[in-house]
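1. What would the 3D arrangement of this be:
(chains A and B)
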2 protein chains.
Amino acid sequence: MLDLQQIQELVKKKMDAFARQNSKGSIYEPIQYILNLGGKRLRPALSLMSCQLFNDNLEDAVHPALAVEVFHNFTLMHDDIMDNAPLRRGKPTVHAKWNSNTAILSGDAMMIQSYQLLAKTNPEHFAHIFQIFNKTALEVCEGQQMDMDFESRNDVTIDEYIEMIRLKTSVLLAGAMQIGAAIGGASLQDQEKIYRFGESTGLAFQLLDDYLDVFGDEAKVGKVKGGDIIADKKTFLQILALEIADDSSREVLKYWMGKKPKDPTEKVKAITAIFSKLNVEEALLEKVQTYHQQALFELKGLSVDPSRTESLIQLAEQMLERQH
Amino acid sequence: MLDLQQIQELVKKKMDAFARQNSKGSIYEPIQYILNLGGKRLRPALSLMSCQLFNDNLEDAVHPALAVEVFHNFTLMHDDIMDNAPLRRGKPTVHAKWNSNTAILSGDAMMIQSYQLLAKTNPEHFAHIFQIFNKTALEVCEGQQMDMDFESRNDVTIDEYIEMIRLKTSVLLAGAMQIGAAIGGASLQDQEKIYRFGESTGLAFQLLDDYLDVFGDEAKVGKVKGGDIIADKKTFLQILALEIADDSSREVLKYWMGKKPKDPTEKVKAITAIFSKLNVEEALLEKVQTYHQQALFELKGLSVDPSRTESLIQLAEQMLERQH
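-> A predicted model of the protein is given here:
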């Protein structure tokens, strides 16, 4: 059995090898570029660990796990165009470094490459994996569309917001895990539990991201503090605050929304103060805990020896420990 | 056995049914929209006819044929963004009617849908079909990249141009046909002949498009005459003219290239005159004939009764008869 670190090393080695193949031709260089920006490679690691719950032989799980990671990076390349984002992991985004057309086309090629990786799945499992992959891929697009639709709406509810982050982030973690488990030989019931583990963990992870943007340690988070506030982004904190605010708090929130001051310090400070006054960050952290507990509950229900679930529990805690 | 018209009716019915499913949600409406713009549905018709060369039962060939057409329409949606095209089949393009982000995202969803259609392929044939589909899909992206790269180059050769249109247009016709033949039960050898038929027919078809842009009957072609000349597009005619021109002809060509007069009539007239003087349209039409003959030669080599090839010959002639 591989431990968390060994799994992460395996994923890194395989992803680096895949990135190196994309060296020639103007369509492939941006693919190598975005893959070399790194990232935590959470999805393939979670996929392999889900396989390992049921089977020590991870060989068959490697290509589908890479397929998910390449698909994920394709969505980043296209999302960055749509969000007009200049930076990704501190480096220029593909459309900023090249241009939008290149980012569109290289992204398209990258999606096809993710299917080429998927084609290397053991035929015994292929049809089932392909179905999960396609369904998940389409849901990720639906999540991105919801996120864009939210920009022009002022009536987004908490439930809608949760559904958006579920589609945009959680289902791909969940799908990656179900794929790994299926290849490991899990029963359909166990696959569904693993899926729900991924889904809940993904929701907790994404909500925590909202929290850290405002209340996180700037040095650790690696982003400008309050970036979501500055951009008037709909987040759990903002939506809940507007929902429960008293008149004077709502007035402050409305006053700042849409304003783009040159120095945003005062805006960030004022809105953060309202969040704290309304205690929305406490509500958020409670929700993170609830999802985390739900995820652990699913793991406990699996028909495997509890000792096999340890590295998954460890990784989920790493993903969620940033709050402490 | 179905005749050409029956095949085209079958394709239309199935494509319309697929388009109707894409009715709800902002991500799916543009998919329905572009599919409802119509078009000749050449690729699925060619795919089914290739199946029918070997097998009267077309049922298994329908979903992969639709997958190719949906993939083709996805490339149109993204190409129109990259080419900044306002119109497609006389109607606003998706990015013009909605916006670029919607066209990017709906295009992505459409590509995934093409894989969902492909997933309905009979498992017996699936692995082989999937491999052809992925290879072809990536080549189409490479062709689009070459086409974009040509815009900023002045040293494009005829060979490079042929390679670009082979990738951008021909391989998808060829791939669609190989997929149909494979499902019909063709030997690998026959599949390769069918592939080369599609490839040569695609090249002839695309070259003819260059011809018709300048020398076609405007009413029949349905586009502004000389559109390629006005846009300084690299075409077979332009590249060959520059290659073989005497000094005075080259001077005229260079004089007009890059110029965007409000009334382009004189530019179109002057360049068309040079083309005619250099006889490049004759060279083009000869090449169209050569590719057409090559295609027919491949068909003759198939291990099927010649009577089965008749509707394919008929469709290829329809595709290429626009010159007469």
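
2. Pull up the residues of the stretch 51-200 of chain A that are close to chain B.
-> A:78, A:81-82, A:100-101, A:104-105, A:107-109, A:111-113, A:115-116, A:119, A:123, A:126-127, A:130-131, A:134, A:137-138, A:141-142, A:144-145, A:148-149 (CB under 8 Å from any CB of the partner chain). (Glycine included, C-beta is placed from N, CA and C.)

3. Which among these count as buried?
-> A:78, A:81-82, A:100-101, A:104-105, A:107-109, A:111-113, A:115-116, A:119, A:126, A:130, A:134, A:137-138, A:141-142, A:144-145, A:148 (16 or more other CB atoms under 10 Å in any protein chain shown).

4. end-to-end on stretch A:251-264?
-> Terminal residues of stretch A:251-264 lie 18 Å apart, using CA to CA, to the nearest Å.

5. And that stretch, how far out from the chain middle?
-> Chain-centre distance of stretch A:251-264: 28 Å, with CA atoms, centre = their mean, to the nearest Å.

6. List the buried residues of that stretch.
-> A:Val252, A:Leu253, A:Trp256, A:Pro264.

7. and the most centrally placed residue in chain A, what does it touch?
-> The centroid of chain A falls nearest to A:Thr169 when counting by CA atoms, centre = their mean (4.0 Å). Neighbouring residues of A:Thr169 by CB atoms under 8 Å, 6 or more residues apart in numbering or on different chains: A:Gly143, A:Gly202, A:Leu203, A:Phe205, A:Gln206.

8. that older thread, filter the buried ones among the residues of the stretch 51-200 of chain A next to chain B down to the ones in helices?
-> The helices, defined by DSSP state H, take in A:78, A:81-82, A:100-101, A:104-105, A:107-109, A:111-113, A:115-116, A:126, A:130, A:134, A:137-138, A:141-142, A:144-145, A:148 from these.

9. what's the neighbour count on A:Thr272?
-> Residues lying near A:Thr272 (other CB atoms under 10 Å in any protein chain shown) number 17.

10. Not counting the helix or strand containing it itself, show me its contacts.
-> Counting by DSSP states H and E, the element that carries A:Thr272 is helix A:265-278. With CB under 8 Å, 6+ apart as the test, helix A:265-278 has contacts from A:214-215, A:225-226, A:229-230, A:237-238, A:240-241, A:244-245, A:249, A:252-253, A:256, A:259, A:261, A:281.

11. Any buried residues in the helix or strand following that helix, and which?
-> Using DSSP H and E, the helix or strand that follows helix A:265-278 towards the C-terminus is helix A:280-300. Neighbour-count burial for helix A:280-300, counted by 16+ other CB under 10 Å, picks out A:280-281, A:283-284, A:287-288, A:291-292, A:294-296, A:298-299.

12. Please name every helix or strand in contact with helix A:280-300.
-> Applying 3 or more CB pairs under 8 Å, 6 or more residues apart in numbering or on different chains; DSSP states H and E, we find helix A:280-300 packed against helix A:188-215, helix A:236-244, helix A:310-320.

13. Recalculate using a threshold of 6 Å.
-> Packing contacts for helix A:280-300, counted by 3 or more CB pairs under 6 Å, 6 or more residues apart in numbering or on different chains; DSSP states H and E, involve helix A:188-215, helix A:236-244.

14. Now do that helix: distance to the chain's middle.
-> On CA atoms, centre = their mean, the centre of helix A:280-300 falls 17 Å from that of its chain.

15. tilt between it and helix A:310-320?
-> Following axes from the mean of the first three to the mean of the last three CA atoms, to 10 degrees, one obtains 170 degrees for the angle between helix A:280-300 and helix A:310-320.

16. tell me the angle helix A:280-300 makes with helix A:236-244.
-> Going by the same axes, to 10 degrees, helix A:280-300 makes 120 degrees with helix A:236-244.

17. can you dump the C-alpha coordinates of helix A:280-300 into PDB?
-> Taking Å, rounded to 0.1, in the frame of the first residue of the first chain, the C-alpha atoms of helix A:280-300 are listed here in PDB:
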ATOM      1  CA  VAL A 280     -21.400  34.800   8.700                       C
ATOM      2  CA  GLU A 281     -17.900  33.400   8.900                       C
ATOM      3  CA  GLU A 282     -19.000  31.300  11.900                       C
ATOM      4  CA  ALA A 283     -21.900  30.000   9.900                       C
ATOM      5  CA  LEU A 284     -19.500  29.200   7.100                       C
ATOM      6  CA  LEU A 285     -17.100  27.300   9.300                       C
ATOM      7  CA  GLU A 286     -19.900  25.300  10.800                       C
ATOM      8  CA  LYS A 287     -21.000  24.300   7.300                       C
ATOM      9  CA  VAL A 288     -17.400  23.300   6.500                       C
ATOM     10  CA  GLN A 289     -17.500  21.100   9.600                       C
ATOM     11  CA  THR A 290     -20.800  19.600   8.700                       C
ATOM     12  CA  TYR A 291     -19.700  18.600   5.200                       C
ATOM     13  CA  HIS A 292     -16.400  17.200   6.600                       C
ATOM     14  CA  GLN A 293     -18.300  15.100   9.100                       C
ATOM     15  CA  GLN A 294     -20.700  13.900   6.300                       C
ATOM     16  CA  ALA A 295     -17.700  12.900   4.300                       C
ATOM     17  CA  LEU A 296     -16.100  10.900   7.100                       C
ATOM     18  CA  PHE A 297     -19.500   9.300   7.800                       C
ATOM     19  CA  GLU A 298     -19.500   8.000   4.200                       C
ATOM     20  CA  LEU A 299     -16.000   6.600   4.600                       C
ATOM     21  CA  LYS A 300     -17.000   4.700   7.700                       C
END
